[in-house]
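**Student:** Sequence plus predicted model, see below.
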Amino acid sequence: MSYELILPFFPEEIRAALLDPTISDLMIVGTKGVWADRDGVIEEIKLSQPYTIERLQAAIERVARILGQDLTSQNPILNTRLPDGSRVAVVAPPAAVDGPNVTIRKFNRWYTTEDLIRRGSLPTEVSDAVVQFIAEKKNGLICGGTGSGKTTLLKAFLDHLPDGDRLVVIEQPAELQIKQRLVSRWEAVAPIPGQAAVTPSELLAAALRHRPDRIIIGEVRDSCAYDLLQAMNTGHGGTLSTIHASSALDGLSRLTNLALSARSNLNHEFMRAETASAIHFVLHCERDYQTGKRTVRELLRVNGYSHTTHEFDTEALYIAPASIPAAPLTKAAQA
């Protein structure tokens with residue numbers, strides 16, 4: 001088990017939380033305390049002996065070394081992963097005022113579309129529509145806020161890709177567990193002493209030389225959006241990705257703005273039209289921060305861009321009612 005690599009460096013209560021399958025996120029906030037996301041709801045974990053900054057710092061530095069990185073005052077930010085794909089994020093002093101902050105997003109298990117339908121998180125008609133889009137090699141975007149279930153949905157739909165398709169999967173960090181055989185999994189790398197950066201844009205450019213049937217981007221978060229749009233608009237269909245956004249329409253706008261950050265001299269309207277040409281559907285998911293429930297809220301078909309109204313031409317295939325009864329995803333870490 002991946003957690004065995006780091007368990008020895010933490011007290012008993014944190015070890016138990018790491019091994020608890022109902023906990024998706026574990027958050028150590030310096031000396032202020034420890035919290036966990038259990039069934040989508042935040043709860044505090046009481047420690048029998050409070051952490052000192054020195055003890056916590058020593059534990060995190062050892063964990064960083066085990067994972068092949070160094071955490072120092074010159075390099076106080078760490079974003080890495082355990083072998084199973086669980087994310088480990090650290091911000092340490094001098095950037096962290098109250099002592100090192102550690103967040104571990106666990107991947108206890110992955111869910112299928114059937115699982116998500118049974119739990120009320122994914123309407124059957126939405127699942128059927130997206131699976132059909134995938135079969136037709138349409139390009140899609142899954143959007144939502146932090147912890148809304150984007151990565152869980154992405155993985156569930158990736159299971160529907162044909163096994164014979166050549167996939168190139170680009171992530172930062174790598175976490176998706178792909179069941180198809182013909183897949184290349186690549187991970188963008190941040191610059192650290194002795195190691196040059198490998199950016200998502202560089203990996204995307206390399207992917208085009210590896211005969212992909214489909215390119216999967218774990219999350220679009222920077223100017224690689226421009227390269228992604230160019231790839232999709234030059235014949236690379238079947239691309240899927242996630243992005244942080246507050247609605248399906250906002251997802252399209254955010255993708256456009258990230259693309260413009262790479263080419264600030266481009267016309268904004270032109271880039272919006274490029275986005276509308278590249279993306280065929282947008283799925284938006286949301287987390288209820290009171291109940292922890294995660295549900296699909298919207299599915300839009302993108303038909304194009306109107307230069308008359310300066311708006312995306314979309315068709316709502318599904319809009320959730322104001323309140324949807326749905327069981328929380330209790331054993332997966334959602335993105």
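**Tutor:** Received it, and whenever you're ready, just let me know what you need. Every value quoted in this text rests on a predicted model; they were computed, and no experiment measured them. Numbering: from 1, shown residues only.

**Student:** you'd agree residue 29 is up against residue 97?
**Tutor:** No: Residue 29 lies out of contact with residue 97 (CB atoms under 8 Å); the separation is 10.7 Å. Using the backbone N, CA and C atoms, a C-beta is placed for each residue, glycine as well.

**Student:** between those two, who's got more neighbours?
**Tutor:** residue 29 (16 against 9; other CB atoms under 10 Å).

**Student:** now that we're looking at the more buried one, how far away is residue 277 from it?
**Tutor:** Separation of residue 29 from residue 277 (CB to CB, to the nearest Å) stands at 44 Å.

**Student:** Kindly report the same for residue 223.
**Tutor:** From residue 223 to residue 277 the distance is 19 Å (CB to CB).

**Student:** Name the nearest residue to residue 182, ignoring sequence neighbours.
**Tutor:** Counting by CB to CB, 6 or more residues apart in numbering, residue 182 lies nearest to residue 166, which is 5.0 Å off, once chain neighbours are set aside.

**Student:** what sits against that neighbour?
**Tutor:** Shown in contact with residue 166 (CB atoms under 8 Å, 6 or more residues apart in numbering): 182-183, 210-214.

**Student:** Any stretches of this protein with poor pLDDT?
**Tutor:** Counting by pLDDT under 70, the chain has low-confidence residues at 1-3, 108, 192-194, 323-335.

**Student:** For it, which strand extends over the most residues?
**Tutor:** The single longest strand within the chain, with elements called by DSSP state E, is strand 294-306.

**Student:** tell me what that one is packed against?
**Tutor:** Secondary-structure packing of strand 294-306 (3 or more CB pairs under 8 Å, 6 or more residues apart in numbering; DSSP states H and E): helix 124-135, helix 248-260, helix 268-278, strand 281-287, strand 311-319.

**Student:** Just the CA coordinates for it, please, in CSV.
**Tutor:** C-alpha atoms of strand 294-306 as CSV (Å, rounded to 0.1, in the frame of the first residue of the first chain):
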residue,chain,number,x,y,z
ARG,A,294,-21.5,15.7,-5.5
THR,A,295,-23.8,15.8,-8.5
VAL,A,296,-23.8,16.7,-12.2
ARG,A,297,-25.6,20.0,-12.7
GLU,A,298,-25.3,20.7,-16.4
LEU,A,299,-24.6,19.1,-19.8
LEU,A,300,-24.2,21.5,-22.7
ARG,A,301,-23.8,20.8,-26.4
VAL,A,302,-21.6,23.4,-28.0
ASN,A,303,-22.9,24.3,-31.5
GLY,A,304,-20.5,27.2,-32.3
TYR,A,305,-20.0,30.9,-31.6
SER,A,306,-22.2,33.8,-32.7
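
**Student:** Could you figure out how far that strand is turned away from helix 248-260?
**Tutor:** Between the axes of strand 294-306 and helix 248-260, defined by axes from the mean of the first three to the mean of the last three CA atoms, to 10 degrees, the angle is 60 degrees.

**Student:** Check which residues of strand 294-306 are buried.
**Tutor:** Residues of strand 294-306 classed as buried: 294-302, 305 (neighbour count, 16 or more other CB atoms under 10 Å).

**Student:** Same question for stretch 44-64.
**Tutor:** Those would be 45, 51, 56-57, 59-61, 63-64, for stretch 44-64 by 16+ other CB under 10 Å.

**Student:** Which ones among these lie within strands?
**Tutor:** residue 45.

**Student:** Out of the buried residues of stretch 44-64, which is nearest to residue 189?
**Tutor:** Nearest to residue 189, judged by CB to CB, of those is residue 64 at 15.2 Å.

**Student:** coming back round to it: specify which member of the buried residues of stretch 44-64 is nearest to residue 261.
**Tutor:** Nearest member of those to residue 261, counting by CB to CB, is residue 64, at 30.2 Å.

**Student:** Leaving out chain neighbours, which residue sits closest to that closest one?
**Tutor:** residue 71 (4.2 Å).

**Student:** Next up, the contacts around residue 116.
**Tutor:** 122, 127, 152-153, 156, 329.
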